[in-house]
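A.B. asks: Sequence below, structure please.
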Amino acid sequence: MKTRTLETILEVALETFPIVLLNGARQVGKSTLALEKFKNYLTFDDGELRLYAKENPKAFLKNLELPICLDEIQKVPSLLEYMKMQIDKERVNGSFLLTGSSNVLDHKDAKDTLAGRLCELRLHPLSSKEKNDKPHENVIEKLLKRDFKLAKKEYSDETIKHIIDGGYPEILTLEGVQKDLWYKSYIATYIERDARDLADIRDIDSFIKFVNVLASRSGTLLNKSSLSSDIGIKDVTTDNYLSIISRIYQATLLRPYFANIGKQFSKSPKVFFNDTGVLCSLLRIDSKEKLLSSSYSGQVFETYIFCELQKHLSYMQKSATLYHYRTNDKKEIDFIIEVDNEILAIEVKQSHSVKKDDFKHIIDFQSRCEQKCLGVVFYNGESVIEFGESLVAVPFGVFL
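C.D. replies: Numbering: from 1, shown residues only. From the prediction side, this is the model:
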């Protein structure tokens, strides 16, 4: 079993808060992590237990042996109010670890109910660092320290394997056709089931079509009208489906960057799938050859970098925000990361070589930005190449 980067953060959270909520997609490893920390474990996938908790929450909580992990808490959100009452009577840190595969705190009432009593953490699919047994190496921190050192090795094939495999722990034990079958089953079972649990979807075929069409747009600006037209649904339905796919942690809408730098910005978010294994399965990509020849190849590589950045940012001990950048005069930067008073401006290039012209939009941004800004181009090469004090090309291998 792989060591997870979040383990240390989870331990600190349990020492500090009476309730810790561990969110994340199904099969991402939440239960495995919880069972390491708690001998008392109950799951609300059990229908009888779920009914008991709903019908008599006070008795249910009274009869629990604490500390305890309660899995799939989103199936009994009403229990949170009664937990608050119990915690307010006797606050003991580490009493409850709650896990969920959809975000129960999306409801304002739930968030207000547990303010000051609960710490929310997100467990992502395995990062490439975690898969390579380097869970405590953080790429963002390395970039901020200008630490670009890489071992001399061939990165390209390993990066492609990480992209196609994705980050779900069970995939690590499977080979060939087994992986393909696992992802097909995951999409058909978990994504469909969680969508049904979360909302009254009358036309599940329409939702599955939405998931497939959305996959072809990972790494692009969200165009809801075009998306609705391709699926044959109304914009209001598209909004609903986007909310669902986000709440079950399968996709993210990345906000656009805004700043007073003399530019007008696009207001549209970019859409990204949260795991390249799921994405490649939906796009029918299961080999290096298929990935490199696919018309979606560039989008898949950009999605991989997004997924890795998202993981490293969420596990940092600093406040940081990730955006995309696009101005109305079509100057684009794939990712902007604000960390404290510093900015990382990041471009993703699938090519094996980099030239200074690849930094042109980053250079324009740096000329307008008052904050310290490092420009980075991640590319599919082997060497770190510095184009000046604040411009550097870094191989994808930095994530391995």
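A.B. asks: Isn't residue 74 up against residue 103?
C.D. replies: Yes - using C-beta atoms under 8 Å, residue 74 is in contact with residue 103, at 7.5 Å. For glycine as for every other residue, the C-beta is placed from the backbone atoms N, C-alpha and C.
A.B. asks: Those two - which one has more neighbours?
C.D. replies: Neighbours of residue 74 and residue 103, each counted by other C-beta atoms under 10 Å, are more numerous for residue 74; the result is 24 against 20.
A.B. asks: Could you list which residues are in contact with the more buried one?
C.D. replies: Neighbour list for residue 74: 100-104, 197-198 [criterion: C-beta atoms under 8 Å, 6 or more residues apart in numbering].
A.B. asks: redo that, cut-off 6 Å
C.D. replies: By C-beta atoms under 6 Å, 6 or more residues apart in numbering, the residues touching residue 74 are 100, 102, 104.
A.B. asks: nearest to residue 61, of the residues you listed?
C.D. replies: residue 104 (16.3 Å; C-beta to C-beta).
A.B. asks: ok, the closest one to residue 116 distance?
C.D. replies: Taking C-beta to C-beta, to the nearest Å as the measure, residue 104 falls 17 Å from residue 116.
A.B. asks: With residue 302 instead?
C.D. replies: Counting by C-beta to C-beta, the gap from residue 302 to residue 116 is 38 Å.
A.B. asks: For the stretch 301-400 of the chain, which segments count as strands?
C.D. replies: Counting by DSSP state E, counting those that start in this stretch, the stretch 301-400 of the chain has strands at residues 320-326, 332-339, 342-348, 372-379, 385-388, 391-395.
A.B. asks: quick one: low-confidence parts of the stretch 201-350 of the chain?
C.D. replies: For the stretch 201-350 of the chain, the stretches with pLDDT under 70 are 260-263.
A.B. asks: Quick one: the helices in it, in order.
C.D. replies: Using DSSP state H, counting those that start in this stretch, the helices of the stretch 201-350 of the chain run over 204-215, 224-231, 235-247, 276-282, 288-293, 297-314.
A.B. asks: Of all these, which one comes closest to residue 141?
C.D. replies: helix 297-314 (7.9 Å).
A.B. asks: Can you give me the buried ones in the closest one?
C.D. replies: 297, 299-314 (16 or more other C-beta atoms under 10 Å).
A.B. asks: what bridges to the closest residue in space to residue 335 that isn't next to it in sequence?
C.D. replies: Nearest non-adjacent residue to residue 335, counting by C-beta to C-beta, 6 or more residues apart in numbering: residue 346, 4.1 Å away. Note on residue 346: beta-bridge partners residue 335, residue 376, judged by DSSP bridges.
A.B. asks: Relative to residue 385, how far out is residue 346?
C.D. replies: In terms of C-beta to C-beta, residue 346 sits 15 Å off from residue 385.
A.B. asks: what do you get for residue 373?
C.D. replies: From residue 373 to residue 385 the distance is 18 Å (C-beta to C-beta).
A.B. asks: Compare neighbour counts for the two and give me the winner.
C.D. replies: residue 373 (20 against 17).
A.B. asks: Show the pLDDT at the more buried one.
C.D. replies: Reported pLDDT at residue 373 in the predicted model: 97.
A.B. asks: Can you get me a residue count around the nearest residue to it once chain neighbours are set aside?
C.D. replies: Distances taken as C-beta to C-beta, 6+ apart place residue 343 nearest to residue 373, at 4.3 Å, with adjacent residues excluded. Residue 343 is flanked by 22 other residues according to other C-beta under 10 Å.
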